[in-house]
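Student: turn this into a model:
(2 chains)
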Amino acid sequence: MRPSRSFFVAVAAGCLALSVALAACGGSGERAEDEILIGAIFDLTGPTADVGIDYADAVRGHVDWLNARGGIQGRPVRLIYQDYGYQVDRAEQLYTQFVQEGALIFMGWGTGDTEALRLRITEDRIPFSSASLSHVLGDAHESPYNFLVATSYSDQFRIVLRWIAEDHRANGGAGNARVAFMHNASPFGLSPWVQGGEDYAREIGVDVTPYEMPRGATDYTAEFSRIGQSGARYVVFQNTSAPAAVALRNARGLGIDATFVCLNWCANALLWRLAADAAEGVVGAIPWAPLTDDVPGVRDIRDYLGSRGEDYAGKTNAFTQGWWTMAVFVEGIRRVLDSGRELTGENIKRALETIDGLDTGGAGPPLTFTPSDHRGSKGLRLFRAEDGRWTPLTEVLTAP
Amino acid sequence: MGLRRVPAERVRLGLFAAALLVFPFLASPYWLNLANQIAIATIGALGLNILVGYTGQISLGQGAFMAVGAYTSALLTLRLGLPWGVSIAAACLATAAVGVFFGLPSLRLKGLYLAISTLAAQEIVEWVVTHWTALTGGVEAVVVPAPQLFGQRLNTDFGFYWLGIILAGGTALFTANLFRSRIGRSFVAVRDQDIAASVIGVNVFGTKLLAFATSSFFVGLAGALTAYYRNIISWERFTLETSVLYLAMIIVGGLGTIRGSLFGAALITLLPAMIATAGRELQQSAPAAAALLPSVQQAAFGLVIILFLVFEPEGLSKLWRNVKDYFYVWPFAYRRGEGR
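Tutor: Numbering: from 1, shown residues only, chains lettered A, B, ... in the order given. This next block holds a predicted model:
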């Protein structure tokens, strides 16, 4: 036992010394003078990794694509990023680390960690975009450095509720439309409901009952039997693709006769892969177009993927969202450089607030930010899942 | 200092204290952030060690007890406007009470069976937190008002550091002295052989409940500090994963030792951060390997823990003792008395 123990001590000491050394020099790594640093955290291993991987790939991809075309005004962009596994503590650590290394803006991910960092980014003056589209994050008084680069969850939900009310009437339904709202058990899942959805449903006379989808569940029979008894004819999901697909298969198996609607994070190509036929007929509230939708705003993305020898059809619209989120921030930086001002977080924030009707080539509605409103877009198109594709169902609908 | 008889011990302690005092002035915010996380984890690990390491009652309810502490302190400040000091104290007491309640099965249950009943505590508390919406806000995050001291915000990395090390130091001092007392010795007696303990006059059940109370008190403190430091809490911070991570801390650090709690807390906090930093170096030097990194990082974390269990079951604390022993007799090969 003795020799192996001392061997282990040596190995452990060696590992520690190596990692400390790496950590120590990590921050001081060589850095070009004019390089622009962007920090990012991604979920590549956590509970939302199903859609997080494409988003991360897109953000990295956009930076590669940008640098290949000469960066921003000739200045190269470097993305410093890490997987954080959807853990709030890790997000806070990495944020501190990256900002200290000189990141000027930060690409966040989840609702929980974005909320947790909200006060710090205001203090540090770091413009922040998250994949989370929680409505409160777009309130420029509460969160002056958060920017929502797509329709907020609450707006998405309101658009869907209004569409449901109309669809219900159009199909000759009597009384109020009954809706089951199935959501991820987290701030992300509940956000559209508590931040305006509940009030709006009451206002327009739609009866909505929320149902929680426990994390890691493999079966929703209990929820669906309650939904079946409640007589709900519409089911709205606020969750990522993997759990939504499980629920869809479950519901089809139980013969639930309802129209299923996916908000942002489950209306994508992944849903098709996971749910297969069960996804047929699902309505999707999609702020950023799927890559199969042939509009100018996704052609760059297709070309870029082509140059990597990859097929765009397998990618989700999380890819479009990641790509364009990065693009909007790049536009902010470009405007600061154009104006000749110093490149600081505060100036980037001001520059972003001058964006008025930014054309996204049909990938999403035009984006507008003002000093009092950081919700870049209020509208989206609804799509319907048909034969393995998301086909546009409506024109751009604007949130009430 | 009568308890520290050997000069070397005093010198070491002095050096450690000096390092703690100087550290925040030299360290970057990133390292301060990590240090604060370690301070909180140390308090939590000490609390868990009182129960698991010293009294031998396995608990999987660490995350739940931290949640009780965090939510109690946050809600007392948020809803009743109590000052943070008062609500932290109240949170500790409330967690102790909850700990005693979930400790009741220890009257009949031992070992793995008790572990399962504390697992129930974890699930029940998690369920209550996420479903008692009127009280806790459900799955929504709770924003905690920032603690103030003399008009300064206390939960900056720098400000909180002082609160963190004072409370962690106090907890360590209390724990060290606890096990020099009659009560502490009865904890250990229960762990080593409960029947023998009752024969020599220890009230076994009372002792177990007291251990649950003392342990939960500090675990609640760790939870409350998390709430104030982070400004925002949600149930996602206090899952079964948290419980397991804390168990890993005290096992890797060393069961039933004070410094083991500190070492374990430090290692489990720093290791993922270090692996991540090393991983980022690789991102630049070998981008092809970057895609594999996230999973490799998780595996590396698991591997280190397994290696510890295999090669040094008594944990970092024993390693530290080995190093001390080595230098104690250096340059000779044997310890005094060992060759007899």
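
Student: for chain A, see how far away B:G85 is.
Tutor: 21 Å (CB to the nearest CB, to the nearest Å). Backbone N, C-alpha and C define where each C-beta goes, glycine included.

Student: tell me the secondary structure for that residue?
Tutor: helix (DSSP: H, G, I helix; E, B strand; the rest coil).

Student: tell me who's in contact with it.
Tutor: For B:G85, no contacting residues are found, by CB atoms under 8 Å, 6 or more residues apart in numbering or on different chains.

Student: look up how far B:P147 lies from it.
Tutor: Remark: distance between B:G85 and B:P147 (CB to CB, to the nearest Å) = 8 Å.

Student: ditto for A:F181
Tutor: A:F181 is 36 Å from B:P147, by CB to CB.

Student: who has more neighbours, those two?
Tutor: A:F181 (27 against 24; other CB atoms under 10 Å in any protein chain shown).

Student: against chain B, how distant is that one?
Tutor: For A:F181 relative to chain B (CB to the nearest CB), the value is 13 Å.

Student: please apply the same query to A:T325.
Tutor: 21 Å.

Student: show me where the stretch 1-150 of chain B has its strands.
Tutor: Assigned by DSSP state E, counting those that start in this stretch, the strands in the stretch 1-150 of chain B fall at B:142-143, B:148-149.

Student: what's next to the last one, contact-wise?
Tutor: Contacting residues not belonging to strand B:148-149 are listed as B:W84, B:L154, B:G159 [CB under 8 Å, 6+ apart].

Student: tell me which strands that strand pairs with, and in which orientation.
Tutor: When pairs are called by DSSP bridges, strand B:148-149 turns out to pair with strand B:152-153 (antiparallel).

Student: and the helix or strand just after the strand it pairs with, what does it pack against?
Tutor: From strand B:152-153 onward toward the C-terminus, using DSSP states H and E, the following helix or strand is helix B:157-178. Judged by 3 or more CB pairs under 8 Å, 6 or more residues apart in numbering or on different chains; DSSP states H and E, helix B:157-178 is in contact with helix B:7-26, helix B:29-49, helix B:182-192, helix B:204-230, helix B:258-285.

Student: pick the most deeply packed of the strands of the stretch 1-150 of chain B.
Tutor: Most buried of the strands of the stretch 1-150 of chain B by mean neighbour count (mean count of other CB atoms under 10 Å in any protein chain shown) is strand B:142-143; its value is a mean of 18.

Student: quick one on the thing from earlier: who wins for proximity to chain A among the helices and strands packed on helix B:157-178?
Tutor: helix B:258-285 (3.7 Å; CB to the nearest CB).

Student: okay, the angle between the closest one and helix B:7-26?
Tutor: 40 degrees (axes from the mean of the first three to the mean of the last three CA atoms, to 10 degrees).

Student: ranking helices and strands of chain A by mean pLDDT, which lands last?
Tutor: One helix or strand of chain A scores below all others by mean pLDDT, DSSP states H and E: helix A:2-26, with a mean of 50.

Student: ok, the next helix-or-strand element following it near chain B or not?
Tutor: For helix A:2-26, the succeeding helix or strand toward the C-terminus, using DSSP H and E, is strand A:36-42. No. Counting by CB under 8 Å from any CB of the partner chain, chain B is not contacted by strand A:36-42; separation bottoms out at 8.6 Å.

Student: what does strand A:36-42 rub up against?
Tutor: Residues contacting strand A:36-42 (CB under 8 Å, 6+ apart): A:31, A:52-53, A:55-56, A:59, A:63, A:71-72, A:75-84, A:90-91, A:94-95, A:98-99, A:101-109, A:113, A:329, A:333, A:343.

Student: repeat that for 6 Å
Tutor: For strand A:36-42, contacts defined as CB atoms under 6 Å, 6 or more residues apart in numbering or on different chains pick out A:52, A:56, A:59, A:75, A:77-81, A:83-84, A:91, A:94, A:98, A:102-103, A:105-107, A:109.

Student: and chain B, which of those residues contact it?
Tutor: The subset of the contacts of strand A:36-42 within reach of chain B, by CB under 6 Å from any CB of the partner chain, is A:D83.

Student: filter the contacts of strand A:36-42 down to the ones in strands?
Tutor: Filtering the contacts of strand A:36-42 for membership in strands, criterion DSSP state E, returns A:V77, A:R78, A:L79, A:I80, A:Y81, A:D83, A:I105, A:F106, A:M107.

Student: low-confidence bits of the chain, can you list those?
Tutor: Since no chain was named, I'll use chain A. Applying pLDDT under 70 to chain A flags the ranges A:1-32.

Student: I was thinking of chain B, sorry if that wasn't clear
Tutor: Along chain B, the model assigns pLDDT under 70 to residues B:1-5, B:287-291, B:332-340.

Student: for chain A, what are the nearby residues on it?
Tutor: Checking chain B against chain A by CB under 6 Å from any CB, the hits are B:28-30, B:33, B:139-141, B:231-232, B:234, B:236, B:274, B:276-278, B:281, B:294, B:311.

Student: list the contacts of the spatially most central residue of chain B.
Tutor: Centroid check for chain B by CA atoms, centre = their mean gives B:A45 as the closest residue, at 1.8 Å. For B:A45, the contact set (CB under 6 Å, 6+ apart) comprises B:M249, B:I250, B:S261, B:G264, B:A265.

Student: pretty sure the third one contacts B:L48?
Tutor: This points to B:S261. No. Here B:S261 lies out of contact with B:L48, judged by CB atoms under 6 Å, at a distance of 8.0 Å.

Student: now stretch A:290-305: buried residues?
Tutor: For stretch A:290-305, a neighbour-count test (16 or more other CB atoms under 10 Å in any protein chain shown) marks A:P290, A:L291, A:T292, A:D293, A:G297, A:V298, A:D300, A:I301, A:R302, A:Y304, A:L305 as buried.

Student: all set now, cheers.
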